[in-house]
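Colleague: Okay, predicted coordinates and the sequence, questions at the end:
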There are 2 protein chains.
Amino acid sequence: MATGHTDPRRRDRIIDAALDLIAEEGLAAVSHRKVAARAGVPLGSMTYHFDGIDQMLREAFGRFTGHVVAVFDAHLGAATGPEEARAAVADLVHALSGGARRDLVLTQELYTLAARRPAYRELTEEWMRRSRAHLERHFDPDTARQLDALIEGLTLHRALAGDPHDRALTLEAVTRITTDGGRD
Amino acid sequence: MATGHTDPRRRDRIIDAALDLIAEEGLAAVSHRKVAARAGVPLGSMTYHFDGIDQMLREAFGRFTGHVVAVFDAHLGAATGPEEARAAVADLVHALSGGARRDLVLTQELYTLAARRPAYRELTEEWMRRSRAHLERHFDPDTARQLDALIEGLTLHRALAGDPHDRALTLEAVTRITTDGGRD
DNA sequence: TCCGCGAGTGTACGATCGTACGCATGCCGA
DNA sequence: TCGGCATGCGTACGATCGTACACTCGCGGA
């Protein structure tokens, strides 16, 4: 089949290198040559393993969304009730908006692509669907949808704010959105 | 006269052309030549009016954030109480996530830059500050902050979702975040 | 009238890009 | 043993890039 028998991990290493490069220098700076150099493979390997830069990028972002869903799962998987789920969501927001800019940067690059090109929107749609599925283990579908959007906004604003809000504010927002206003 | 030896509007037309180009083809596709062609100015004008592509982009995004704050103001300015403000916010979310992809795309491009480069983060920080100032005319500072993040997330998710949520869900989320849980 | 000068422009240069394609290399059937 | 061939690589090509810089042109002062 497509993969040779000599080095099946080469393809993976190229994709890893591409993600690293996107995170560090931006999608605009990605080129066959830079990815190849970072992955330690010859330039010719790029056109051999991928039909073009676009196919490579789609695969790279596909791997990335899988990674973020795993982070989602790692935080929410252990929660056994709404209260624990709320705390887990707050932790998740602060993990994603914390020191490591890598996930933030890659997320933004993907959204930028998705905003313009339907082929990438399929990736974000599946990502959102899987995130909501996790949240629906603890909340009803409408609430899960609202909470998913809130997580997105809180993460982004916390990461970009000059004066990031603290965990108490995150938890308050999460509690408000997951509590049926005034009637329970 | 604009047709004289000097043309003070030329700078503005270049910036407008740059924003149009970013919205249509993406930041990665921006070049001096394409912007110049779209603005109807010679290539030499680019280096004459701007010190480099980066300065041009920062000015372009500065104009864009001003525009979005104006949209914010147009929706929220007329509201006279919390209830009207909530409705205005729901309208705002649906206006920003509706048919016109232009603002969405430009917003994402700016966030992507801001996620990596502090010079652009100054732009987003001022933008967030001004948005929150608008919201604080109707809600307390903590609530305004949470609501601002919610607006961001709702707008983005609605724009990227395969199955966009309806206005009722938006309004419910806005109401929940702006209502002190269960005790008003 | 005419000359100096600064605003504005056309073009050329070196770098980098994506991709095609001819060639090396070593395994495998005979 | 050995020829054929799939796998994988080095390199060259045409396009495009940002930017520098010599140049034109027309107005204002003398």
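Modeller: Cool, the structure landed. Owing to the predicted nature of the structure, the values given are computational and were not obtained by experimental measurement. Residues are numbered from 1 along each chain as shown, chains lettered A, B, ... in the order given.

Colleague: you'd agree A:Ala87 is up against A:Thr170?
Modeller: No - in this structure, A:Ala87 is not within contact of A:Thr170 by CB atoms under 8 Å, at 10.2 Å. Every residue, glycine included, has its C-beta placed from N, CA and C.

Colleague: got the contact list for the residue in chain A that chain B sits nearest to?
Modeller: With CB to the nearest CB, the shortest gap between chain A and chain B falls at A:Gly153, namely 3.0 Å. Counting by CB atoms under 8 Å, 6 or more residues apart in numbering or on different chains, A:Gly153 makes contact with B:148-154, B:156.

Colleague: A:Leu57 sits in which helix or strand?
Modeller: Per DSSP states H and E: A:Leu57 is located in helix A:53-76.

Colleague: Beyond that helix, next helix or strand please.
Modeller: helix A:82-96.

Colleague: can you pull the buried residues of the helix or strand just after that next one?
Modeller: Following helix A:82-96 in sequence order, the next helix or strand is helix A:102-116 (DSSP H and E). Neighbour counts over helix A:102-116 (16 or more other CB atoms under 10 Å in any protein chain shown) mark A:103-116 as buried.

Colleague: and what of stretch A:35-44?
Modeller: For stretch A:35-44, by 16+ other CB under 10 Å, it's A:35-36, A:38-39, A:41.

Colleague: If I look at the residue of chain A closest to chain B, what pLDDT would I see?
Modeller: At A:Gly153, the pLDDT value in this model is 98.

Colleague: if we can go back for a sec, check the buried residues of stretch A:35-44 one by one and keep those near DNA strand D.
Modeller: Of the residues in the buried residues of stretch A:35-44, proximity to DNA strand D by CB under 7 Å from any atom of the strand holds for A:Val41.

Colleague: Check the buried residues of stretch A:35-44 against B:Asp73 and report the nearest one.
Modeller: A:Val35 (44.0 Å; CB to CB).

Colleague: Hmm, that closest one is touching A:Ala18, no?
Modeller: Yes - in this structure, A:Val35 is within contact of A:Ala18 by CB under 8 Å, at 4.9 Å.

Colleague: tell me, what's touching these two both at once?
Modeller: Taking CB under 8 Å, 6+ apart as the contact rule, the neighbours common to A:Val35 and A:Ala18 are A:Met56.

Colleague: Now do the same for stretch A:91-111: mean pLDDT, whole number.
Modeller: For stretch A:91-111, the per-residue pLDDT averages 93.

Colleague: Verify the stated contact: A:His138 with A:Ala85.
Modeller: Yes - between A:His138 and A:Ala85 a contact is recorded at 3.8 Å, counting by CB under 8 Å.

Colleague: any shared contact partners between the two?
Modeller: A:76, A:79.

Colleague: OK, contacts around A:Arg121?
Modeller: A:114, B:160, B:162.

Colleague: and which of those is nearest DNA strand D?
Modeller: Closest approach between those and DNA strand D, by CB to the nearest atom of the strand: A:Ala114, at 23.3 Å.

Colleague: A:Phe139: what secondary structure?
Modeller: Per DSSP: H, G, I helix; E, B strand; the rest coil, the local secondary structure of A:Phe139 is coil.

Colleague: Run a quick neighbour tally on it.
Modeller: The number of residues packed near A:Phe139 is 20, by other CB atoms under 10 Å in any protein chain shown.

Colleague: Can you name the residues that contact it?
Modeller: A:82, A:85, A:147, A:178.

Colleague: Next, the buried residues of stretch A:121-137.
Modeller: A:121, A:123-125, A:127-128, A:131-132, A:134-136.

Colleague: Can you lay out the residues you listed as a markdown table showing secondary structure?
Modeller: Below are those laid out as a markdown table (three-state DSSP):
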| residue | secondary structure |
| --- | --- |
| A:Arg121 | helix |
| A:Leu123 | helix |
| A:Thr124 | helix |
| A:Glu125 | helix |
| A:Trp127 | helix |
| A:Met128 | helix |
| A:Ser131 | helix |
| A:Arg132 | helix |
| A:His134 | helix |
| A:Leu135 | helix |
| A:Glu136 | coil |
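
Colleague: so where's chain A shaky on pLDDT?
Modeller: Across chain A, residues meeting the criterion (pLDDT under 70) sit at A:1-8, A:181-184.

Colleague: Domain map for it?
Modeller: Segmentation of chain A into domains, based on automatic domain parsing, reads A:1-50, A:61-177.

Colleague: can the ones you listed go into TSV with extra columns for distance to B:Gly98?
Modeller: Formatted as TSV, the domains of chain A follow (distance: least, CB to CB, whole Å):
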stretch	distance to B:Gly98
domain A:1-50	26
domain A:61-177	13
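
Colleague: Widest-spaced pair of the buried residues of helix A:102-116?
Modeller: That would be A:Asp103 and A:Arg116, which, of these, are the farthest apart (CB to CB) at 21.3 Å.

Colleague: From B:Ala149, how far off is the residue lying closest to A:Pro141 once chain neighbours are set aside?
Modeller: Nearest non-adjacent residue to A:Pro141, counting by CB to CB, 6 or more residues apart in numbering or on different chains: A:Arg132, 7.5 Å away. Using CB to CB, to the nearest Å, one gets 18 Å for the distance from A:Arg132 to B:Ala149.

Colleague: for A:Thr179, same thing?
Modeller: Where B:Ala149 is concerned, A:Thr179 sits at a distance of 17 Å (CB to CB).

Colleague: go on, A:His138?
Modeller: A:His138 sits 20 Å away from B:Ala149, going by CB to CB.
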